[in-house]
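In: here's a sequence, model it:
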Amino acid sequence: MQAEDVRELSDDEITARVAELEEERFRLKFRSATEVLEQPLRFRSIRKDIARLKTILRERMLAASK
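Out: Coordinates of the predicted model:
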């Protein structure tokens, strides 16, 4: 997910996407404890996507407060 794509989303859509990714990360964490994952680097991409989404939400919040 690129930053340009995220900027096109509304705040509610971004919040929903963050919740989906956090749930997916939670499931992967438990699955990795019991079996070998096919895509172990998926953790990294999920963490980066969550950070990117939260950063853009924070930018919007700071811009709105000015």
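
In: convert the worst-scoring helix or strand of the chain on mean pLDDT to CSV, retaining C-alpha atoms only.
Out: Ranked by mean pLDDT, DSSP states H and E, the weakest helix or strand in the chain is helix 3-7, scoring a mean of 90. Presented in CSV, the C-alpha positions along helix 3-7 are these (Å, rounded to 0.1, in the frame of the first residue of the first chain):
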residue,chain,number,x,y,z
ALA,A,3,1.2,6.6,0.5
GLU,A,4,-0.6,8.1,-2.5
ASP,A,5,-3.2,5.3,-2.3
VAL,A,6,-3.7,5.9,1.4
ARG,A,7,-4.2,9.7,1.0
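
In: starting at the chain centroid, how far to the helix or strand just after it?
Out: As assigned by DSSP states H and E, the chain's next helix or strand after helix 3-7 is helix 11-34. A distance of 7 Å separates the centroid of the chain from that of helix 11-34, by CA atoms, centre = their mean, to the nearest Å.

In: before we move on, what about stretch 27-45?
Out: On CA atoms, centre = their mean, the centre of stretch 27-45 falls 16 Å from that of its chain.

In: just give the number of residues close to residue 49.
Out: Neighbours of residue 49 under the rule other CB atoms under 10 Å: 19. Any C-beta I mention is one placed from the backbone N, CA and C, and that applies to glycine too.

In: who's in contact with it?
Out: 1, 21 (CB atoms under 8 Å, 6 or more residues apart in numbering).

In: and it, how far from residue 5?
Out: 10 Å (CB to CB, to the nearest Å).

In: quick check: residue 10 vs residue 63, distance?
Out: 15 Å.
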